[in-house]
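Asks: Show me the folded form of this:
(chains A and B, ligands or ions: 1)
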Amino acid sequence: MLVLAIDTATPAITAGVVELTADAALTRAVRVTEDARQHAELLMPGVLAACEEAGVKLAELGAVVTGVGPGPFTGLRVGMVTAAALGDALGVPVHGVGTLDAIAADTAGGEPLVVVTDARRREVYWAAYDAAGTRVDGPHVEAPARLVEKLPGLGVSVAAGPSATATGLPVRSTAGPSPAGLVAVAAAALRAGTAPAPLEPLYLRRPDAVPPGRAKTVSAL
Amino acid sequence: MIVLGIETSCDETGVGIVRAEGGETTLLANEVASSVDEHARFGGVVPEVASRAHLQAMVPAVHRALATAGVTGRDVDAVAVTSGPGLTGALLVGVAAAKAYASAWDVPLYGVNHLSAHVAVDVLQHGPLPPCLALLVSGGHSSLLDVPDLAGPVTPLGATIDDAAGEAFDKVARLLGLPFPGGPHIDRVARDGDPAAVAFPRGLTGPRDAAFDFSFSGLKTAVARHVEALGRAGTPVPVADVAASFQEAVVDVLTAKAVRAARERGMETLLLGGGVAANSRLRALAQERCDAAGIVLRVPRPGLCTDNGAMVAALGAHLAVAGTPASPLDLPADSQMPVTEVLVTAR
Ligand SMILES: [Zn+2]
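Replies: Modelled structure (predicted):
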């Protein structure tokens, strides 16, 4: 099965085509652009470029996998709505996978791991994984100092992800999720033909908005 | 030719489908999912709340529109989308979705200007549009535009220098204890009020003021002072009279400037658009003044005046039929898209 993988939850705008067979996953093409402010401009051209390099037409795709964050909201939504619309138009399932889980899948090295990405506003998104790659804590959004305090209790020995250096642990990789990592998280469901759950973004924060009182004075306007 | 239009510049997720054939453009579907209820308690549109709602509503709205139109994705010949102006995060959801649909269906994509789309929508109700003067008034914009041709450049004659007209309605509604969005509530309450009860100021109508710009901030402050003074005196606020007087001040200035602009530019047609064009007093006074000036007034029905996808599809269809080259696939969401730019073209 040919799977299109998309992620826009980190500064990397990632698109790739992965061929998933019964016992293997072969990356056919990858397009990664680093530009946190141009997700909408660059993602779809990246998708088409990856498909062209792989010699695959959109209509030949069997499924779409998209990172659902956590990540900065505006960029995150670009990837998710692109995946949802492509899946809808092509009539193929769209599987949402945790972006941090995909980075963990990329890093899998048999060691307990913490994955850390930039949440802006001086905070990070993080999740912890055991040596088998299973998520054991998170995802959370917190100040890096709070995460560092928790590290001993998490029992992790290495870090990965674009903000991994904030932990002070040995860093395995600072890359965003790869198409292979994204597809790996959904591989079991894709192979089994399990219908995906509805796409739900992992925002982890509420919108900034405060209900106003009734304006009674000139200054309240 | 069948064109699907996507609009997400503010708090409405709009998907419209039109058919352009033999010089006529027909509305097939106009699905709007609004997040207005989620904004009500904040007294105004919260961009992040709107953007979250767009992501949830986008694909279902496309489904409903296709079903209503009785067509499938394979029947769609072009996709149009609002590229700007509007809220960046909100625009991005529609722009990304439009790119995906256009790519998957392998059809051209038109990234269009939201204001031009407000003008274009009228062809769906009243047929081909002659050169016109357009007054667009909503919670996000208040503009006077010279529109010689839908597919060509638009000349902006004036705009608000502070609050949009719809914003003034929202803020005054809050002062009067009326719910958000304020426009429909003020319209309703004002019907029982005296528009001459309070002589509120008409902004930017002095001889030295910009002839076609608007200002509603001073008016809003005047209403607040009036309400405050009544409060200090322990007098109950005559809500209907204040609402009617405020509304009269707004529509008096809007219609006077629009008719004057139409005359100065030699335009025989005035078009009203935007959410505030649903205001009954604005429609009535515009009709009265256009009749007196010998100008034809065109106002789309309220469902086409508020933000929707059909207006985007209508403009996209007009551009496609005119043979205009499509937008590039890296087209941006441009929150500040100038009104002189009808379509995003290759850079
Ligand atoms: Zn509008």
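
Asks: Which residues are in contact with residue B:93?
Replies: By CB atoms under 8 Å, 6 or more residues apart in numbering or on different chains, residue B:93 lies in contact with A:77-78, A:81, B:8, B:51, B:54-55, B:58. To be clear about C-beta, it is placed using only N, CA and C from the backbone, and glycine gets the same treatment.

Asks: and which of those is nearest to residue A:181?
Replies: Relative to residue A:181, the closest of the contacts of residue B:93 is residue A:78; by CB to CB it sits at 19.3 Å.

Asks: what about the closest residue to the ion within chain A, neighbour count?
Replies: The nearest approach of chain A to the ion comes at residue A:40, 20.0 Å away (CB to the ion). Using other CB atoms under 10 Å in any protein chain shown, residue A:40 has 30 neighbouring residues.

Asks: Help me confirm that it comes into contact with residue B:333.
Replies: Yes: contact status for residue A:40 versus residue B:333: in contact at 5.5 Å, counting by CB atoms under 8 Å.

Asks: which residues do the two both contact?
Replies: B:92, B:95.

Asks: how about the residue of chain A closest to the ion, phi and psi?
Replies: Dihedral pair for residue A:40: phi -70, psi -40, per degrees, to the nearest 10.

Asks: What spatial separation is found between it and residue A:79?
Replies: Distance, residue A:40 to residue A:79, by CB to CB, to the nearest Å: 10 Å.

Asks: Ok, residue A:109 next?
Replies: 26 Å.

Asks: Report how many residues lie close to the residue nearest to residue B:79 when sequence neighbours are not counted.
Replies: Distances taken as CB to CB, 6 or more residues apart in numbering or on different chains place residue B:102 nearest to residue B:79, at 4.1 Å, with adjacent residues excluded. Around residue B:102 there are 26 other residues, counting by other CB under 10 Å.

Asks: Can you name the helix or strand that residue B:102 falls in?
Replies: Assigned by DSSP states H and E, residue B:102 belongs to helix B:88-105.

Asks: now stretch B:93-112: how far from the chain's centre is it?
Replies: Remark: stretch B:93-112 is offset 22 Å from the chain centroid, using CA atoms, centre = their mean, to the nearest Å.

Asks: Buried by neighbour count: which residues of stretch B:162-180 qualify?
Replies: B:162-176, B:178, B:180 (16 or more other CB atoms under 10 Å in any protein chain shown).

Asks: so, in contact with the ion or not, that stretch?
Replies: No: residues of stretch B:162-180 contacting the ion under CB under 5 Å from the ion: none, with a closest distance of 9.1 Å.

Asks: quick revisit: if I look at the residue nearest to residue B:79, how far off is residue B:30?
Replies: Residue B:102 is 20 Å from residue B:30, by CB to CB.

Asks: Quick check: phi and psi on residue B:268?
Replies: phi -90, psi -10.

Asks: quick one, what contacts it?
Replies: Contacts of residue B:268 by CB under 8 Å, 6+ apart are B:130, B:262, B:294-296.

Asks: where does chain A dip in pLDDT?
Replies: Residues of chain A meeting the criterion pLDDT under 70: A:36, A:210-221.

Asks: Let me see the ranges of the helices in it.
Replies: Taking DSSP state H, the helices of chain A run over residues A:39-54, A:73-90, A:99-107, A:144-154, A:179-192.

Asks: would you list those in TSV and tack on distance to residue A:124?
Replies: Output for these, formatted as TSV (distance: least, CB to CB, whole Å):
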stretch	distance to residue A:124
helix A:39-54	20
helix A:73-90	15
helix A:99-107	11
helix A:144-154	5
helix A:179-192	19
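
Asks: Report the residue ranges of every domain in chain A.
Replies: A:2-98+A:177-192, A:100-173 (automatic domain parsing).

Asks: most tightly surrounded among those domains?
Replies: Highest mean neighbour count among those (mean count of other CB atoms under 10 Å in any protein chain shown): domain A:2-98+A:177-192, with a mean of 22.

Asks: Tell me if that one is near chain B.
Replies: Yes: counting by CB under 8 Å from any CB of the partner chain, chain B is contacted by domain A:2-98+A:177-192 at A:38-45, A:47-48, A:58-59, A:73-74, A:77-86, A:88-90.

Asks: Residue B:29 in helix, strand or coil?
Replies: strand (DSSP: H, G, I helix; E, B strand; the rest coil).

Asks: That one: how many residues sit nearby?
Replies: For residue B:29, using other CB under 10 Å, the count is 23.

Asks: and it, what are its bridge partners?
Replies: residue B:17 (DSSP bridges).

Asks: do the same with the one 5 residues further on
Replies: Beta-bridge pairing of residue B:34, defined through DSSP bridges, involves residue B:12.

Asks: next one: the helix or strand harbouring residue B:249 to chain centre, how far?
Replies: Here residue B:249, judged by DSSP H and E, is contained in helix B:239-264. Chain-centre distance of helix B:239-264: 17 Å, with CA atoms, centre = their mean.

Asks: what's near enough to touch residue A:129?
Replies: Counted by CB under 8 Å, 6+ apart, residue A:129 has contacts A:104, A:112-115, A:135-136, A:156.

Asks: typo on my end, it should be residue B:142
Replies: Per CB under 8 Å, 6+ apart, neighbours of residue B:142: B:136, B:159-160, B:164-166, B:214, B:216, B:254, B:274, B:276.
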